[in-house]
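J.: Return a 3D structure for these sequence lines:
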Amino acid sequence: MTGEGSHDFARVRRIVKTDEFSSVFRLRPAQKSAHFVLYTRPSTLPHARLGVVAAKRFAPRAVTRNTIKRVTREVFRTSQLQPLDCIVRLARPVNTKDGPATTRALKRALRAELTRLFASQRPRRANPPPTP
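T.: I've put the predicted structure just below:
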């Protein structure tokens, strides 16, 4: 299922080519949070696309980087975004090699932070309905 409104993460919903990443990175960050930077660019496609960058220096364990990517894709799939190319980049360390690689608390915090980032990109209503 790759139709609009679908909650899958098919290849058409991913930013995979280097030049596509570069064209979005050239723009200024749309939003910043405690650990992430969100870059966006309007798209001509009928759906939003996502790219995730999790550097080893900010998440030294592969398990942590994969968790970050998995949670980001999950939040992206459930967000109702307008047609945008979005890149989420990990910008600050989330944990070290000393502690556990992932915890429920870490996943919960990442999910909340990413939900706020994607919510800032949802289309807003032009005029709220008047209250009687």
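J.: quick one: what helix or strand has residue 37 in it?
T.: Under the criterion of DSSP states H and E, residue 37 resides in strand 36-42.
J.: got a list of what the most centrally placed residue in the chain touches?
T.: Among the residues of the chain, the one closest to the centroid is residue 88, at 4.4 Å (C-alpha atoms, centre = their mean). By C-beta atoms under 8 Å, 6 or more residues apart in numbering, residue 88 lies in contact with 36-38, 50-53, 72, 76, 114, 117. No exception for glycine: its C-beta is placed from N, CA and C like everyone else's.
J.: same thing but at 7 Å, please
T.: If you count contacts by C-beta atoms under 7 Å, 6 or more residues apart in numbering, residue 88 has them with 36, 38, 52, 72, 114.
J.: Are we agreed that residue 88 is in a strand?
T.: Yes - under the criterion used here (DSSP: H, G, I helix; E, B strand; the rest coil), residue 88 sits inside a strand.
J.: Only the buried residues of stretch 53-72, if you could.
T.: 53-54, 58-61, 64-65, 67-69, 71-72 (16 or more other C-beta atoms under 10 Å).
J.: all strands of this protein, in order?
T.: 31-32, 36-42, 49-53, 84-90 (DSSP state E).
J.: Which among these is found nearest to residue 12?
T.: strand 49-53 (7.6 Å; C-beta to C-beta).
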